[in-house]
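Asks: Here you go, sequence then predicted model.
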Amino acid sequence: MPKQTTITTFEHQILRTGKGEMGLTNDQLKSLQSYYGNGVPYFSLTHNGVQFNEYVGVIQVGETLIEVLPKADKYSNDKEAWRTLLIGMIRAISSFEIRSTSQAALKVKPNTILDLYFELFINEIEYLQHSGLLKKYHKKEGNNTSLKGNILFSKQIQKNIIHQEFFFTRHTTYDVIHSLHKIIFKTIVLLRRINTNPALNSRISALLLNFPVMPDINVSEGLFNKIVLNRKSYAYKKAIEIGKMILLQYHPDVKKGKNDVLALMFDMNKLWEQFVYVSLKKKLKNHTIKKHISKSFWKPDVGRKTMMEPDIIIKNDRNEFFVLDTKWKNINNHSPSSDDLRQLYVYQHYYYAKKVALVYPGNFENRNGLYFDRNNTLSDKLCSIITLEENKNIKGWQVDIAKKIDTWTNE
């Protein structure tokens with residue numbers, strides 16, 4: 001198992017070479033620079049280093065794990081607190097429940113996002129193995145000592161002109177060799193190579209030992225687009241989704257072979273939006289919660305029309321509408337930007353909203369403000385600023401979010 005070196009930093013911070021234990025080596029920087037050339041949006045290049053942006057998660061470069069954590073308000077530079085919060089948010093918004101054939105598998109505490117997804121994948125495969133691997137029919141060509149299927153005469157002459165005891169045939173086989181298992185096997189092999197968590201190492205080895213060996217495949221987006229799951233294969237959905245995430249984000253170092261890059265990164269703005277949405281959907285039962293309801297906004301003479309799409313729309317039992325626009329940033333109790341306020345003004349008009357609000361992380365008092373009308377006098381159109389205090393107890397945080405939004409809609 002590789003010996004792990006972990007560098008933990010925060011969003012928007014810079015890592016440079018030659019900065020002690022938390023710095024990058026020249027080889028690591030070159031690997032990141034090469035990876036950046038593929039158009040990844042996770043960081044920008046600076047002098048002798050990289051600067052991360054709003055993406056959080058992990059980037060593994062060879063034996064070095066770069067962990068990028070979110071940072072907003074409450075926990076300041078407490079890395080453990082932000083790590084716990086980030087993993088909890090991802091668990092809350094994903095459809096991946098931890099399921100296993102034994103209680104032992106539930107005891108691994110993920111130290112990074114990478115550990116979390118590795119464990120999720122391992123649990124899914126252990127579950128599939130316990131339930132019995134899916135078999136499928138597929139066509140197979142090759143030499144056989146008995147005649148079954150159709151003889152391919154051209155290849156029979158080519159292959160068996162001096163071996164008349166063989167028959168080169170095409171026949172139908174019912175076994176476990178199919179694309180789902182090829183993807184899973186390739187992911188297991190990759191995990192065995194790049195895993196740095198000792199708690200997961202033995203379970204990955206057990207998977208390799210017990211899973212049937214599959215032929216190698218070339219991984220691409222197109223491979224996963226061709227997969228269609230039915231009633232029998234639906235149990236593979238989560239394993240394939242995680243396998244896709246890991247395989248497509250893995251970039252081997254073909255020159256030196258030492259600094260392969262694997263990135264599991266998340267746009268923190270989208271993660272925050274989804275977390276607030278899932279929390280309200282789950283906890284605010286007396287409201288209808290929807291997201292990304294598009295409306296036409298502008299149509300040019302030539303070309304496509306422009307759409308508007310607020311983050312979250314709430315409708316209460318009185319048929320009143322409310323619009324939320326989530327922003328992952330710490331405004332330090334200052335006023336929001338003019339662009340954000342203008343955006344909410346348009347949403348209020350087009351969606352007939354009783355109230356609109358900008359939703360930030362933090363622990364400041366909610367503030368309300370009124371828009372001016374065209375005569376430069378205050379109107380009754382209300383735009384609020386709502387802050388939701390971070391909480392490592394994710395379920396408790398979700399309850400608090402729902403209560404705070406519910407109180408705001410009823411004020």
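Replies: Good, I have the coordinates.

Asks: Give the residue spans of the protein that score low on pLDDT.
Replies: Within the chain, the stretches with pLDDT under 70 are 1-4, 19-22, 37-39, 74-75, 95-111, 251, 253-259.

Asks: where exactly do the helices run in this structure?
Replies: 26-36, 79-93, 113-131, 153-160, 179-194, 198-210, 221-225, 237-248, 268-283, 338-350, 394-410 (DSSP state H).

Asks: wait, which of the ones you listed is closest to T9?
Replies: Of all the helices of the chain, helix 79-93 sits nearest to T9, with 9.0 Å by CB to CB. From N, CA and C alone the C-beta is placed, and that goes for glycine too.

Asks: outside of the closest one, which residues touch it?
Replies: 8, 10, 56, 67, 69-71, 74-75, 110-113, 116, 266, 271, 274-275, 278-279, 390-392, 394, 398 (CB atoms under 8 Å, 6 or more residues apart in numbering).

Asks: Pull out the buried members of the residues you listed.
Replies: Using 16 or more other CB atoms under 10 Å as the burial test, the contacts of helix 79-93 include 8, 56, 67, 69-71, 74-75, 110-113, 116, 266, 271, 274-275, 278-279, 390-392, 394, 398 as buried.

Asks: what's the closest non-adjacent residue to R367?
Replies: In space, R367 comes closest to I385 once its chain neighbours are excluded; the distance is 4.5 Å by CB to CB, 6 or more residues apart in numbering.

Asks: do you know how far that neighbour is from S338?
Replies: As defined by CB to CB, to the nearest Å, I385 lies at a distance of 14 Å from S338.

Asks: which one of the two has more residues nearby?
Replies: Ranked by neighbour count (other CB atoms under 10 Å), I385 and S338 place I385 first, with 23 against 8.

Asks: before we move on, the earlier item: which among the helices of the chain is found nearest to Y360?
Replies: Of the helices of the chain, nearest to Y360 by CB to CB is helix 268-283, at 9.0 Å.

Asks: elements contacting the closest one?
Replies: Secondary-structure packing of helix 268-283 (3 or more CB pairs under 8 Å, 6 or more residues apart in numbering; DSSP states H and E): strand 55-61, helix 79-93, strand 288-291, strand 312-315, strand 321-326, helix 394-410.

Asks: Let me know which of these is tucked in deepest.
Replies: The highest mean neighbour count among the helices and strands packed on helix 268-283, using mean count of other CB atoms under 10 Å, belongs to strand 55-61: a mean of 25.

Asks: Name the residues that touch it?
Replies: With contact meaning CB under 8 Å, 6+ apart, strand 55-61 is reached by 11, 28, 31-32, 41-43, 65-70, 86, 112-114, 194, 196, 259-268, 271.

Asks: do the same with stretch 213-221
Replies: With CB under 8 Å, 6+ apart, stretch 213-221 has contacts from 177, 179, 181-186, 223, 247-248.

Asks: just stretch 198-210 next, same as before
Replies: 1, 105, 108, 115, 118-119, 122, 125-126, 129, 188-189, 191-192, 195.

Asks: what's the most distant pair in the residues you listed?
Replies: With CB to CB as the measure, no two of the contacts of stretch 198-210 lie farther apart than M1 and Q129, at 22.0 Å.

Asks: care to break this protein down by domain?
Replies: 5-133+178-268, 136-175, 284-410 (automatic domain parsing).
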